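Asker: Fold the following.
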Amino acid sequence: MENIELKRFWEQIKEELIGVLPENAHPWIYPLEVSGYDKGVLTLVTGQMIGRDLLRKNHTVQMNEVLRRISGETDARVVIIYDETSAKKLKKETEKFQKKFNDAEIKEQAIENLSNMQSASNLNLKYKFENFVVGKNSKFAYSAAMSVAKNPAGKYNPLFIYGNSGLGKTHLMQAIGHYTIFNNPGLKVKYTKTEDYINDFITNSRKNPNGNIENMSKFNRKYTNIDIILIDDIQFIESKTKTMAQMQHTFDSLYNKGKQIVITSDRVPKEIPTLTEALCSRFEMGLMVEMTPPDFETRLEIVKKLAIDNDLKFEEDALKYIAEHFTNNVRELEGAFTRVCAYAEVSEQELTLSLAREVLKCSNIEKEISFDKIARVTASYFNVDIKDIKGTARGQKVSLARHVSIYLCREITNQSFVNIAKYYGKKHTTIMFAHDKINKEKNANQEISTALREIRQVLKVL
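Answerer: Okay, the predicted model is just below:
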């Protein structure tokens with residue numbers, strides 16, 4: 001299940017749970033984070049041990065019933081895992097506040113600032129500099145983010161971090177926010193997803209047709225009366241003409257007042273379709289840093305840290321197995337680890353190599369998959385000639401096969417649109433169009449959804 005689809009799936013379940021569970025259970029439901037859904041097992045993570053225990057003891061049946069009703073799987077069940085790392089860090093940070101701020105007013109403001117941001121789900125407790133594993137793929141981005149955190153609106157403004165999904169862009173961005181809250185409590189920080197910014201803008205611009213000025217003034221104050229703004233996934237602003245104009249206003253207002261701007265995207269500004277030249281130049285005027293997939297050593301360090309932080313007994317070979325077979329991004333790697341961890345907890349076993357193999361079943365996954373192999377498997381699936389896929393044929397079946405193969409090349413290999421364009425002998429803008437088209441239709445179009453799933457199975461890519 002794709003990450004976005006998984007989140008929507010969990011939000012639907014959570015909304016249903018809030019409706020059926022008693023109010024005293026709601027405080028334990030809201031902080032739950034979805035980690036994965038595999039073979040009917042929905043894995044949820046929480047930093048509240050008492051919340052985990054109470055939900056397990058009193059509401060397991062109801063939670064399973066809701067999951068089964070929404071998923072349609074009669075044997076589906078919920079597994080809740082306690083995230084000790086988050087709990088420990090929260091305790092340490094509270095103690096740090098108490099030691100650092102003697103002035104009662106400043107201390108109260110700092111704690112209130114942190115509390116407000118976390119309660120609104122603006123910042124995730126897990127995303128700190130101290131628990132980010134730095135590798136060759138992320139060393140430059142990490143250094144740039146730390147520099148911004150220590151000296152907001154200094155030499156790197158704006159900071160534009162780009163790369164494929166699941167590589168740690170959001171982690172570094174939110175780490176800047178946490179660092180600022182703890183070390184400069186007088187500064188106001190705001191984290192927002194681009195989709196939330198767009199929806200907020202639309203809501204305020206539509207309210208009271210005769211009184212838009214008042215609503216937009218409130219909107220402008222919300223996004224410009226701050227010291228550091230963290231804007232995630234800016235690529236979603238494409239084609240939103242009015243929102244882009246408003247984003248330019250927000251950018252200019254903050255920049256001219258000497259405020260720090262941090263932006264993430266899955267591509268460089270020039271590769272975002274319909275992005276205005278004005279916004280493109282503004283995003284590029286600071287520092288742009290790329291994050292790429294982690295190498296084996298970095299992936300192994302990541303799963304080791306996860307295992308150690310969770311006080312988990314493990315075999316070294318089990319971690320190597322996970323690190324070896326989940327190469328695309330960190331999110332996928334962590335998802336695989338959490339899946340094995342959940343099975344280990346349910347079956348009361350240690351994390352062994354045999355357990356990892358049994359749960360993940362990926363021993364035959366190839367370490368490297370080429371553009372050519374993806375294109376040939378896709379051509380075979382749609383029963384078309386690979387020469388047509390790489391050529392100029394415009395038949396409906398060939399066009400669909402071409403678009404699907406391009407989408408999979410991008411998602412599986414994490415290569416740039418430019419490199420994919422070279423293989424297909426086309427302009428990179430054409431490749432971007434094909435990728436975006438499949439990305440938008442994959443959830444609503446059953447034919448595309450099935451094709452993607454079955455081609456991935458042939459390629460042995462989860």
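Asker: could you measure residue 144 against residue 288, distance?
Answerer: 9 Å (C-beta to C-beta, to the nearest Å). The way it works is simple: take the backbone N, C-alpha and C, and place the C-beta from them, glycine included.
Asker: intersection of neighbour lists for the two?
Answerer: Overlap of the contact sets of residue 144 and residue 288 (by C-beta atoms under 8 Å, 6 or more residues apart in numbering) consists of residue 161.
Asker: Settle it for me: which of those two has more neighbours?
Answerer: residue 144 (22 against 18; other C-beta atoms under 10 Å).
Asker: How about the more buried one: what's its closest non-neighbour residue?
Answerer: Distance criterion C-beta to C-beta, 6 or more residues apart in numbering; nearest residue to residue 144, sequence neighbours excluded, is residue 289 at 5.1 Å.
Asker: Pretty sure the one you found sits in a strand.
Answerer: Yes: if the criterion is DSSP: H, G, I helix; E, B strand; the rest coil, then residue 289 is within a strand.
Asker: what about it, neighbour count?
Answerer: Residue 289 has 20 neighbours, counted by other C-beta under 10 Å.
Asker: And for the one 4 residues further on?
Answerer: Per other C-beta under 10 Å, the neighbour tally for residue 293 reads 21.
Asker: Quick check: closest non-adjacent residue to residue 168.
Answerer: Closest residue to residue 168 apart from its sequence neighbours, by C-beta to C-beta, 6+ apart: residue 330 at 5.3 Å.
Asker: So the one you found versus residue 64, what's the distance?
Answerer: 30 Å.
Asker: How confident is the prediction for the closest residue to residue 216 other than its chain neighbours, by pLDDT?
Answerer: Excluding its sequence neighbours, the residue lying closest to residue 216 (C-beta to C-beta, 6+ apart) is residue 204, at 5.8 Å. Residue 204 is assigned a predicted lDDT (pLDDT) of 82.
Asker: I figured residue 204 hits residue 220, correct?
Answerer: No: using C-beta atoms under 8 Å, residue 204 makes no contact with residue 220, being 9.1 Å away.
Asker: how about residue 78, phi and psi?
Answerer: Per-residue torsions, residue 78: phi -100, psi 130 (degrees, to the nearest 10).
Asker: and it, how many neighbours?
Answerer: 22.
Asker: Could you give the bridge partners of it?
Answerer: Beta-bridge partners for residue 78, by DSSP bridges, are residue 42.
Asker: residues in contact with it?
Answerer: With contacts taken as C-beta under 8 Å, 6+ apart, residue 78 has the following neighbours: 42, 44, 60, 63, 64, 67.
Asker: Also residue 74?
Answerer: residue 68.
Asker: Check the spacing between the spatially closest residue to residue 253 that is not a sequence neighbour and residue 246 real quick.
Answerer: Distances taken as C-beta to C-beta, 6+ apart place residue 224 nearest to residue 253, at 4.4 Å, with adjacent residues excluded. According to C-beta to C-beta, residue 224 and residue 246 sit 11 Å apart.
Asker: ranges for the strands of this protein?
Answerer: Secondary structure of the chain by DSSP state E: the strands cover 33-38, 41-46, 77-82, 159-162, 189-193, 228-232, 260-265, 287-290.
Asker: could you dump those to JSON lines with mean pLDDT and distance to residue 439?
Answerer: Converted to JSON lines, the strands of the chain look like this (pLDDT from 0 to 100; distance: least, C-beta to C-beta, whole Å):
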{"stretch": "strand 33-38", "mean pLDDT": "85", "distance to residue 439": "20"}
{"stretch": "strand 41-46", "mean pLDDT": "88", "distance to residue 439": "25"}
{"stretch": "strand 77-82", "mean pLDDT": "88", "distance to residue 439": "29"}
{"stretch": "strand 159-162", "mean pLDDT": "95", "distance to residue 439": "17"}
{"stretch": "strand 189-193", "mean pLDDT": "90", "distance to residue 439": "17"}
{"stretch": "strand 228-232", "mean pLDDT": "93", "distance to residue 439": "17"}
{"stretch": "strand 260-265", "mean pLDDT": "95", "distance to residue 439": "14"}
{"stretch": "strand 287-290", "mean pLDDT": "94", "distance to residue 439": "20"}
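Asker: Pipe the ones you listed into TSV and attach distance to residue 375 per row.
Answerer: Formatted as TSV, the strands of the chain follow (distance: least, C-beta to C-beta, whole Å):
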stretch	distance to residue 375
strand 33-38	28
strand 41-46	34
strand 77-82	39
strand 159-162	26
strand 189-193	33
strand 228-232	32
strand 260-265	27
strand 287-290	25
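Asker: which stretch among those comes nearest residue 449?
Answerer: Shortest distance between residue 449 and these, using C-beta to C-beta, is found for strand 33-38: 15.7 Å.
Asker: quick one: strands adjacent to the closest one?
Answerer: For strand 33-38, the paired strands and their directions (DSSP bridges) read strand 41-46 (antiparallel).
Asker: Run through this structure and note the low-pLDDT ranges.
Answerer: Scanning the chain for pLDDT under 70 picks out the ranges 1-4, 84-122, 207-214, 362-368, 462.
Asker: which residues does the residue nearest to residue 144 contact?
Answerer: Going by C-beta under 8 Å, 6+ apart, residue 289 touches 140, 141, 144, 159, 160, 161, 162.
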